[in-house]
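J.: What follows is a predicted structure for the sequence shown.
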Amino acid sequence: MFFDMVENRMKKNMMITDFESIIPKCFNVERGSEKSKEIAEKIKRFYYGDQEITIENKDVYYQLETDVVFLRDIYETVKLHVKTSDTPVYMYRFSVDAGLNLFKATGKLNGTGAVHGDEMGYLFKTFLSPKEIDVKTIEGRTIYRMVKLWTKFAKTGDPNQHVVDEIIDVDWKPVKENQINYLDIGGDSSSNLKGNDINIGETFVLDTGVELSTGVNPDYERIKFWDDLYREYGADDSY
């Protein structure tokens, strides 16, 4: 979705037919060559399989562009930091789909999910920001969570609260060299709580696993696909 907003692409561009254009330049293969066509076919097969490429499956196109432009480089950066630094590295995935998603709102995008940079609407005051934070709403809880986690990390290098907090009831583990631990920050309008007003600090029952969850090696199959391509076709210093 980010690509529609930034580059103002038309719908026809989501129906990609030239998969050679997706091949990373560091592969240094000649366009139109047998090797280039071979790589392009592997990419097409992995993402689309036997599906016909239409506007109806544009989410596949979004995923492909995400992986090529953002995802693999994020993983490589994280792994290099972990390998070369003694400072803990914390990885997160932002998947909230709610009213303060900044770039999604700015671009007037209607698809499901979060857009690159959407979390800024929950960390900083914007034209979308509510006058008061209401933790009955997913927007309010996400603001509370992200500000708490980010400021704690800025102060101490550890985002975990180490106190009882029903809204942030999760242990965010740092990344290890061979294990990508991560925190998923999720939720949508269906997560909004019902009942009387609840102020931050009050005790209430909330299944945080629906909105905050931890895991290991997210998007593993997609990352492995690109790692394998880089090993087979990339330059020696590209993987």
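T.: Nice, I can see it.

J.: what's across from Ile185 in the sheet?
T.: Ile185 has these beta-bridge partners by DSSP bridges: Phe94, Leu212.

J.: could you pull out the helices for the protein?
T.: 2-7, 34-48, 58-66, 72-84, 102-106, 120-123, 138-156, 220-233 (DSSP state H).

J.: What is the burial count for the closest residue to Tyr92 other than its chain neighbours?
T.: Once flanking residues are discounted, Tyr92 sits nearest to Leu183: 4.6 Å by C-beta to C-beta, 6 or more residues apart in numbering. Bear in mind the C-beta positions are built from the backbone N, C-alpha and C, glycine included. Leu183 is flanked by 22 other residues according to other C-beta atoms under 10 Å.

J.: just Leu229 next, same as before
T.: Number of residues near Leu229 (other C-beta under 10 Å) recorded here: 19.

J.: With Gly215 instead?
T.: Residues within reach of Gly215, counting by other C-beta under 10 Å, total 12.

J.: residue contacts, it?
T.: Counting by C-beta atoms under 8 Å, 6 or more residues apart in numbering, Gly215 makes contact with 181-182, 184.

J.: go again using 10 Å as the cut-off
T.: Neighbour list for Gly215: 93, 173, 180-184 [criterion: C-beta atoms under 10 Å, 6 or more residues apart in numbering].

J.: Neighbour-wise, give me the winner out of those.
T.: Highest neighbour count within the contacts of Gly215, by other C-beta under 10 Å: Leu183, with 22 neighbours.

J.: where's the closest residue to Lys104 other than its chain neighbours relative to Lys108, distance?
T.: Distances taken as C-beta to C-beta, 6+ apart put Val115 closest to Lys104, at 4.5 Å, once the chain neighbours are dropped. Using C-beta to C-beta, to the nearest Å, Val115 is found at 11 Å from Lys108.

J.: Would you mind telling me which of these two has the busier surroundings?
T.: Counted by other C-beta under 10 Å, Val115 and Lys108 do not tie: Val115 has more neighbours, with 24 against 8.

J.: Distance of that one relative to Phe70?
T.: As for Val115, its distance to Phe70 is 11 Å (criterion: C-beta to C-beta).

J.: before we move on, what about Lys148?
T.: 26 Å.

J.: ok, these two, which is more surrounded?
T.: For Lys148 versus Phe70, neighbours defined as other C-beta under 10 Å are more numerous around Lys148 (16 against 12).

J.: For Cys26, see how far away the closest residue in space to Glu41 that isn't next to it in sequence is.
T.: Spatial nearest neighbour of Glu41, excluding adjacent residues (C-beta to C-beta, 6+ apart): Phe19 at 7.3 Å. Distance, Phe19 to Cys26, using C-beta to C-beta: 17 Å.

J.: okay, these two: which has more neighbours?
T.: Using other C-beta under 10 Å, the more surrounded residue of Phe19 and Cys26 is Phe19, with 20 against 13.

J.: and that one, what is it in contact with?
T.: Contact partners of Phe19, counting by C-beta under 10 Å, 6+ apart, are 36-37, 39-45, 47-48, 53, 64.

J.: Enumerate every residue touching the residue nearest to the spatial centre of the chain.
T.: The residue lying closest to the centre of the chain (C-alpha atoms, centre = their mean) is Arg93, at 4.4 Å. Counting by C-beta under 10 Å, 6+ apart, Arg93 touches 74, 114, 182-186, 213, 215, 218-219.
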